[in-house]
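> give me coordinates for this.
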Amino acid sequence: MIVSLARLAVGTAVAALVAGCGTSTAGQPAPQAGSTRTTTTGSKTTSSSAAPLIDMTNTQICALLTSAEATQLGGSEQGRPSFSTTNAHPLCQWSKDTSLNIDFGRNTRSSQAPTGDGITNTPTSVAGLSAVLSHKTGVREFCQVIVDVTDTATMGFGSGLHDSGQGKYEPCDVARRLAEIVIPKVKR
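Numbering: from 1, shown residues only. Model prediction:
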């Protein structure tokens, strides 16, 4: 009986970790067809469509940042869905004074942050989740906070400056603030 209860508790915890977001609201991913989530509150049980965090589209990523949040960080009002040219991850980019990037990587870890000349990686955390701050200097400075959002997925929050953003923004500060805005929206 105790083993069965323990298995039920573990199963419930695992289901909670992989359950996606509820119905779509401003700044949150939209549900994907075919996925469901069951919620029990008191004696009431409900089922709703949900997008598992283990897979996000670039359109869902764009929905994670409001126009006001993007412009506060120097980005454009609207995000542009795309895919990374280096790793094919779905991403969204807001570009004005700063270039804001959010990407979602499956089968990745923050410990796999880029390395090389001019790159400094510093372990950190965002909203209690393990992360790495990856700072690249050189011709164009770029900073990114890579957060382990599940055991097998990361979200990268990057920032670079356009000429109009020089002296107004600091890329690592913007990248960290971007992560701190979005991670509570997707954290399970």
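
> pLDDT at the residue nearest in space to the middle of the chain, what is it?
Nearest residue to the geometric centre of the chain (C-alpha atoms, centre = their mean): residue 155, 3.9 Å. We have a pLDDT of 96 for residue 155.

> helix or strand right after the one helix or strand it maps to?
Using DSSP states H and E, residue 155 sits within strand 153-161. Sequence order places helix 171-186 as the next helix or strand after strand 153-161, per DSSP H and E.

> buried residues of stretch 181-188, list them for me.
181, 182, 183, 186 (16 or more other C-beta atoms under 10 Å). Quick note: C-beta positions are derived from backbone N, CA and C, even for glycine.

> who touches the nearest residue to residue 183 once chain neighbours are set aside in this structure?
Excluding its sequence neighbours, the residue lying closest to residue 183 (C-beta to C-beta, 6 or more residues apart in numbering) is residue 127, at 4.5 Å. For residue 127, the contacting residues are 180, 183, 184, 187, by C-beta atoms under 8 Å, 6 or more residues apart in numbering.

> recalculate using a threshold of 10 Å.
147, 149, 179, 180, 182, 183, 184, 185, 186, 187 (C-beta atoms under 10 Å, 6 or more residues apart in numbering).

> give me the domain ranges for this protein.
2-49, 58-186 (automatic domain parsing).

> ok, of those, where does mean pLDDT dip lowest?
Ranked by mean pLDDT, the domains of the chain bottom out at domain 2-49, with a mean of 34.

> isn't residue 72 right up against residue 66?
Yes. If you go by C-beta atoms under 10 Å, residue 72 and residue 66 touch, sitting 9.2 Å apart.

> can you give me the neighbour number for residue 124?
Counted by other C-beta atoms under 10 Å, the residues lying close to residue 124 total 16.

> could you shift the numbering so residue one becomes 3, and keep it that way?
Okay, residue one is now 3; in that scheme the one you just asked about reads as residue 126.

> who are the packing partners of the helix or strand encompassing it?
Using DSSP H and E, residue 126 maps to strand 121-128. The contact analysis (3 or more C-beta pairs under 10 Å, 6 or more residues apart in numbering; DSSP states H and E) places strand 121-128 against strand 131-138, strand 144-150, helix 173-188.

> who wins for proximity to residue 164 among the ones you listed?
helix 173-188 (11.0 Å; C-beta to C-beta).

> taking strand 131-138 as reference, get the angle to that closest one.
Counting by axes from the mean of the first three to the mean of the last three C-alpha atoms, to 10 degrees, helix 173-188 lies at 150 degrees to strand 131-138.

> extract the CA atoms of helix 173-188 and return them as PDB.
Below are the C-alpha coordinates for helix 173-188, written out as PDB (Å, rounded to 0.1, in the frame of the first residue of the first chain):
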ATOM      1  CA  PRO A 173      23.600  43.200 -22.800                       C
ATOM      2  CA  CYS A 174      24.000  40.900 -19.800                       C
ATOM      3  CA  ASP A 175      21.600  43.000 -17.700                       C
ATOM      4  CA  VAL A 176      19.000  42.900 -20.500                       C
ATOM      5  CA  ALA A 177      19.500  39.100 -21.000                       C
ATOM      6  CA  ARG A 178      19.000  38.400 -17.300                       C
ATOM      7  CA  ARG A 179      16.000  40.700 -17.000                       C
ATOM      8  CA  LEU A 180      14.500  39.000 -20.100                       C
ATOM      9  CA  ALA A 181      14.900  35.500 -18.400                       C
ATOM     10  CA  GLU A 182      13.500  36.800 -15.200                       C
ATOM     11  CA  ILE A 183      10.400  38.100 -17.000                       C
ATOM     12  CA  VAL A 184       9.700  34.900 -19.000                       C
ATOM     13  CA  ILE A 185      10.800  32.000 -16.700                       C
ATOM     14  CA  PRO A 186       8.000  32.500 -14.100                       C
ATOM     15  CA  LYS A 187       5.600  32.200 -17.100                       C
ATOM     16  CA  VAL A 188       6.800  28.800 -18.100                       C
END
